[in-house]
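> Mind looking at a prediction? Sequence and model below.
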Amino acid sequence: MHKDELLELHEQMVTIMRHFRDREDSDPALFEPYEQLDIEPDHVHKSKNEHKHAVFVLGNALASAMSEDEFSSAGRIGKRMEELADDAEQKI
């Protein structure tokens, strides 16, 4: 994936995150790991690996927001996103 495509994906995922954050039944703590990264889609000066890591961390949070438990489809996706985030973080 090219960096510009990754930035677009990052932007779309942030839009979805905002939707979940605005819901009353959403746990705001879910997105704290992503927010602590301090990287946003418009931070084009950040490396591709930093954005990739952010996308995986955010993907994990989104999957957790959608999952009923860790064994649901979204829960399994969240677990895989966590593994990919750890791998991407090592490459930063």
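Yep, it's here.

> Can you classify H45 by secondary structure?
With DSSP: H, G, I helix; E, B strand; the rest coil as the basis, H45 sits in coil.

> And the residue nearest to L62 when sequence neighbours are not counted, how far from S26?
Spatial nearest neighbour of L62, chain neighbours left out: I16 (6.0 Å); criterion: CB to CB, 6 or more residues apart in numbering. Bear in mind the C-beta positions are built from the backbone N, C-alpha and C, glycine included. As judged by CB to CB, to the nearest Å, I16 and S26 stand 12 Å apart.

> Where does pLDDT dip in the chain?
The model of the chain has pLDDT under 70 over residues 68-72, 74-75.

> for the residue most central in space within it, what are its contacts?
Residue closest to the average C-alpha location in the chain (CA atoms, centre = their mean): L58, at 1.1 Å. Counting by CB atoms under 8 Å, 6 or more residues apart in numbering, L58 makes contact with 10, 13-14, 17, 31, 34.

> Roughly how far does it sit from D25?
L58 is 19 Å from D25, by CB to CB.

> centre of the chain versus stretch 82-92, how much separation?
Relative to its chain's centre, stretch 82-92 lies at 12 Å (CA atoms, centre = their mean, to the nearest Å).
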